[in-house]
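[1] Structure, please.
(one chain, ligands or ions: 2)
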Amino acid sequence: MDAIEKLLNSVLPEKKELIALLECDDGEVWEKLFGAARAVCEKHYGNKVFARGLIEFTSYCKNDCFYCGLRRSNSKAQRYRLSFGEILERCESGYALGFRTFVLQGGEDGYFDDESICRIVREIKRRCWGCAVTLSLGERPTDSFKAFFDAGADRYLLRHETVSARHYALLHPPEMSYAARIDCLYALKAIGFQTGCGFMVGTPFQTTEMLADELAFLTQFKPHMAGIGPFLPHRDTPFKDFGGGSVQTTLKMLALSRLLCPEILLPATTALGTAAAGGRERGILAGANVVMPNLSPASCREKYSIYDNKLNMGAESSEGLAELAARMKKIGRVLATCRGDSLVKN
Ligand code: SAM
Ligand code: SF4
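    Ligands and ions are numbered 1, 2, ... in the order given. Prediction:
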């Protein structure tokens, strides 16, 4: 079997085959693979694209990741926290619009201790009957994850950022470790969360070999979802002078992830939509099936600046749901606000 045949059968090719494929720029090859990824996605999830309401509830962060505009050393970052009432109000507004998944995302902010997160989760679940709550708050001790799960949180997103420990050390300060990140991912899965890992495409020092290893990691870890989007520079970070990740390489990685992990949930990320006009649609046509419109208060959106020019209005926002639905319809998809649980079994 050659690499393409293996992929069409959800078999992981050899590393050298994956590298050769990722380096191949033959449009016909990729149209075939994107088409196959779409077909696999449709087989499992139909023509639905799941919409999640994204609430960016704090822009404070104790970490100093070199790539991110929210890093603690960025004194120009505008910091805010949403109150308990504001978070609940956003969820209830989203619920009225039809959203049945809320993603609470933020920097690693100790102000929100375990009890306050649990209280927020419990209250969202009480007021928004039948919804799923996804947390994306970074690393915490296993006991904290367990408390969030017991409070009713359903899913947890924690991108591992890169599969290579050496590369991880080039993207983060020494107090952050690849091992700690991966330990959290295994802990989350063991607790019972629908667990999302993920990585950026095109971060400084990333190689094609690492991208091939990312695909092998996905087949081994078997996440319920994976956030895969291009790295985009932020002007007030140490990586400000690096170019952004390639849209085409991101699309290739989405398609190969879909083929190798047929039941995974794959967002067409805001970063992909920011990197190219129609980027999100192109992501869906390469096998993605989730979008995360911004449900944060409009006054905060500019402040949650992880990279330059991040989209947050129009079809990227909950107010633009009709526009988003129309865009999905144009590419033969139906925007679905239902829970949209992952079909991957724990
Ligand atoms: N603090 C939590 C964490 O790091 O897991 C959640 C929020 S963080 C902003 C969410 C994701 O944003 C990170 O996992 C990272 O992959 C992505 N991100 C940060 N800076 C980025 C950049 N410059 N370009 C693209 N994605 C970026
Ligand atoms: Fe903080 Fe997450 Fe940004 Fe790292 S990526 S600085 S942990 S918000």
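
[2] what about the closest residue to Leu265 other than its chain neighbours, how many neighbours?
    Leaving aside its chain neighbours, Leu265 sits nearest to Met225 (3.8 Å; criterion: Cβ to Cβ, 6 or more residues apart in numbering). All C-beta spots, glycine's among them, are computed from the backbone N, C-alpha and C. By the criterion of other Cβ atoms under 10 Å, Met225 has 22 neighbours.

[3] Check the one 10 residues further on too.
    Neighbouring residues of Arg235 were enumerated by other Cβ under 10 Å; the total is 13.

[4] Could you list which residues are in contact with it?
    By Cβ atoms under 8 Å, 6 or more residues apart in numbering, the residues touching Arg235 are Asp308.

[5] Now do it, the pLDDT please.
    Arg235 is assigned 97 on the pLDDT scale.

[6] That one - that's part of a helix, no?
    No: Arg235 is assigned coil when assessed by DSSP: H, G, I helix; E, B strand; the rest coil, not a helix.

[7] Phi and psi next, for it.
    phi -60, psi -20 (degrees, to the nearest 10).

[8] From here on, call the first residue 18.
    Sure thing, new numbering starts at 18, so read that last one as Arg252.

[9] Quick test: name the residue nearest the centre of the chain.
    By Cα atoms, centre = their mean, the mean C-alpha position of the chain lies nearest to Gly244, the distance being 2.9 Å.

[10] If you tally nearby residues, what's the number for Phe259?
    17.

[11] Let me see the contact set for the residue nearest to it when sequence neighbours are not counted.
    Residue nearest to Phe259 in three dimensions, not counting chain neighbours: Pro221, with 4.7 Å by Cβ to Cβ, 6+ apart. Going by Cβ under 8 Å, 6+ apart, Pro221 touches 84, 187-188, 248, 256, 259.

[12] So which of those residues would count as near ligand 1 as well?
    Counting by Cβ under 6 Å from any ligand atom, 84, 248 from those sit close to ligand 1.

[13] Surely Val46 touches Ile21?
    Yes: counting by Cβ atoms under 8 Å, Val46 touches Ile21, with 7.2 Å between them.

[14] and the two? which has more neighbours close in?
    Higher neighbour count among Val46 and Ile21: Ile21, with 17 against 14, using other Cβ under 10 Å.

[15] I believe that one is in a strand; please confirm or correct that.
    No: with three-state DSSP as the criterion, Ile21 is located in helix rather than a strand.

[16] I'd assumed Trp47 was in contact with it.
    No: with contact defined as Cβ under 8 Å, Ile21 does not reach Trp47; the gap is 10.5 Å.

[17] coming back round to it: top of the contacts of Pro221 by number of neighbours, please.
    Phe248 (25 neighbours).

[18] Just give the number of residues close to Ala197.
    Counted with other Cβ under 10 Å, Ala197 comes out at 11.

[19] any idea how far ligand 2 is from Glu48?
    Remark: distance between Glu48 and ligand 2 (Cβ to the nearest ligand atom, to the nearest Å) = 34 Å.

[20] cool, Cys85 as well?
    Distance, Cys85 to ligand 2, by Cβ to the nearest ligand atom: 3 Å.

[21] Quick one: neighbours of that residue, just the number.
    Cys85 has 22 neighbours, counted by other Cβ under 10 Å.

[22] any common contacting residues for Val46 and Ile21?
    Shared contacts of Val46 and Ile21, counting by Cβ under 8 Å, 6+ apart, come down to Leu38.

[23] For Val138, which non-adjacent residue is spatially closest?
    Distances taken as Cβ to Cβ, 6+ apart place Ala168 nearest to Val138, at 4.4 Å, with adjacent residues excluded.

[24] Verify the stated contact: the one you found with Cys135.
    Yes: at 3.8 Å, Ala168 and Cys135 qualify as touching, with contact defined as Cβ under 8 Å.

[25] Skip ahead from the regular element (helix or strand) spanning Leu202 and say which helix or strand is next.
    If you go by DSSP states H and E, Leu202 is part of helix 195-208. Using DSSP H and E, the helix or strand that follows helix 195-208 in sequence is strand 211-218.

[26] which helices and strands does the helix or strand where Ile36 lies pack with?
    Using DSSP H and E, Ile36 sits in helix 32-40. Using 3 or more Cβ pairs under 8 Å, 6 or more residues apart in numbering; DSSP states H and E, the elements in contact with helix 32-40 are helix 20-25, helix 225-238, helix 264-277.
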